[in-house]
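Peer 1: what's the 3D shape of this:
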Amino acid sequence: MTEVSIEAVKEFFIDLQERIVGTFEELDGSATFLRESHESPNGGFAQPRVLTDGAVFEKAAVQFSYSVGDRLPPAATERLPSLTNKPFQATAISVIVHPRNPKVPTTHLNLRMFLVDAQEETWFFGGGFDLTPYIPFEDDIKFWHEQAREVCRNDDHYLELKQNCDQYFYLPHRGETRGVGGIFFDDFNNGEFIDCFKFVQAIGERFLNAYSTIVNRRAHLEWTSEEEEWMLLRRGRYAEFNLAIDRGTKYGMQSGRRIESVLASLPPRVNWRYRHELLVSEKLANLTSKLQPGIDWLGIVDNSVDKS
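Peer 2: Alright, predicted model coming up:
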């Protein structure tokens, strides 16, 4: 049995944060991240990194946090009620990017580890990555899902985590997903700690390479004012999800995290228009057909061993 080390996870998340920040600054070419550190009285700390008004990224937030508490917030025990009122440690990295060009997709990464009741040593990982295009390029979507598939054990594992992602990032009041998905998992502790940790590390590395590739493909493309208006309307869906549905936002508020950091995920500009479909071309409005759960981007469902 391998030793459980939240310190090792913290070190990896901090290193990954710095590499993502450095890569995004290179991709943007003009703006740099504001680097801050904040400590809490109980021993927790956070390292927000936020870029604003860049040439490529209108806003990007790359955040590391380490939390300590006497009891888990309700958002963290929703799926595991047996852990209610247990002391805990948690560490996480969260990335959200809002590009300037509507042809560059928004993206999100979250990786986290909880260590609950150190004496009993209950631990689990969670997280994943997803993509939210405004002007979807099918090559990019397929590439994104190919990278997600590569990090998983096999087709069935990928399809399970993809389904989790489709279900989690779903706006029931809109009848659509937030984007075109990726992979998502909760309460993951199947097997040895070191093997689970390696899986989480692989997700972080794959995310950085995959998103950088897509940005390099699309950031130079020209866009129209209509396409920019469409992006701002679609960002409204992103804000709705983060404020009304996302467990991570609820956890941040319930755990007393700095509110500036919790809300750093929100887009810098966003529009809501009454009957917005009347304001954009049919071509753009029809792009929402790609925002439905269960789309088989890689054509592997028929090859999956488990059809259930």
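Peer 1: can you tell me the helix or strand for residue 123?
Peer 2: Counting by DSSP states H and E, the element that carries residue 123 is strand 122-132.
Peer 1: in its sheet, which strands sit next to that strand, and in what direction?
Peer 2: Within its sheet, strand 122-132 is paired with strand 106-116 (antiparallel), strand 181-188 (antiparallel), according to DSSP bridges.
Peer 1: following the last one, which helix or strand comes up?
Peer 2: Remark: after strand 181-188, the chain's next helix or strand is helix 193-218, criterion DSSP H and E.
Peer 1: tell me the buried residues in that following helix?
Peer 2: Along helix 193-218, the positions that meet the burial threshold by neighbour count (16 or more other CB atoms under 10 Å) are 193, 196-197, 199-201, 203-204, 206-208, 210-211, 214-215, 218. For every residue, glycine as well, the C-beta is placed using N, CA and C.
Peer 1: what's the closest of these to residue 49?
Peer 2: Using CB to CB, the shortest approach to residue 49 within the buried residues of helix 193-218 belongs to residue 208, at 14.0 Å.
Peer 1: now the strands for the stretch 1-150 of the chain?
Peer 2: 34-35, 38-39, 45-52, 57-69, 88-99, 106-116, 122-132 (DSSP state E, counting those that start in this stretch).
Peer 1: how about these in CSV, adding mean pLDDT, mean neighbour count and distance to residue 170?
Peer 2: Rendered in CSV, the data for the strands of the stretch 1-150 of the chain read as follows (pLDDT from 0 to 100; neighbours: other CB atoms under 10 Å; distance: least, CB to CB, whole Å):
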stretch, mean pLDDT, mean neighbour count, distance to residue 170
strand 34-35, 97, 11, 33
strand 38-39, 90, 12, 33
strand 45-52, 96, 18, 27
strand 57-69, 95, 23, 23
strand 88-99, 96, 23, 18
strand 106-116, 96, 23, 14
strand 122-132, 95, 23, 11
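Peer 1: columns distance to residue 20 on top of these, output as JSON lines?
Peer 2: Converted to JSON lines, these look like this (distance: least, CB to CB, whole Å):
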{"stretch": "strand 34-35", "distance to residue 20": "13"}
{"stretch": "strand 38-39", "distance to residue 20": "19"}
{"stretch": "strand 45-52", "distance to residue 20": "8"}
{"stretch": "strand 57-69", "distance to residue 20": "5"}
{"stretch": "strand 88-99", "distance to residue 20": "6"}
{"stretch": "strand 106-116", "distance to residue 20": "8"}
{"stretch": "strand 122-132", "distance to residue 20": "12"}
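Peer 1: for the strand holding residue 123, list the C-alpha coordinates in CSV.
Peer 2: Extracted in CSV, the C-alpha atoms of strand 122-132 (Å, rounded to 0.1, in the frame of the first residue of the first chain):
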residue,chain,number,x,y,z
THR,A,122,-10.0,8.8,3.7
TRP,A,123,-8.8,10.4,0.5
PHE,A,124,-10.1,11.0,-3.0
PHE,A,125,-9.4,13.0,-6.2
GLY,A,126,-11.8,14.8,-8.5
GLY,A,127,-11.7,17.0,-11.6
GLY,A,128,-11.3,16.9,-15.3
PHE,A,129,-11.2,19.3,-18.3
ASP,A,130,-13.8,20.6,-20.7
LEU,A,131,-14.0,22.9,-23.8
THR,A,132,-16.6,25.6,-24.7
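Peer 1: let me know the angle separating that strand from helix 193-218.
Peer 2: Taking axes from the mean of the first three to the mean of the last three CA atoms, to 10 degrees, one finds that strand 122-132 is oriented at 10 degrees with respect to helix 193-218.
Peer 1: any idea how many residues pack against residue 26?
Peer 2: Under the neighbour criterion other CB atoms under 10 Å, residue 26 is assigned a count of 9.
Peer 1: please determine how far it is located from residue 32.
Peer 2: Computed as CB to CB, to the nearest Å, the residue 26 to residue 32 distance reads 11 Å.
Peer 1: swap in residue 62?
Peer 2: As judged by CB to CB, residue 62 and residue 32 stand 12 Å apart.
Peer 1: and for residue 124?
Peer 2: When CB to CB is applied, the distance between residue 124 and residue 32 equals 35 Å.
Peer 1: what do you get for residue 288?
Peer 2: Residue 288 sits 35 Å away from residue 32 when distances are taken as CB to CB.
Peer 1: repeat that for residue 260.
Peer 2: Following CB to CB, the distance that separates residue 260 from residue 32 is 18 Å.
Peer 1: how about residue 228?
Peer 2: Here the distance between residue 228 and residue 32 works out to 24 Å (CB to CB).
Peer 1: I am finished for the moment; much appreciated.
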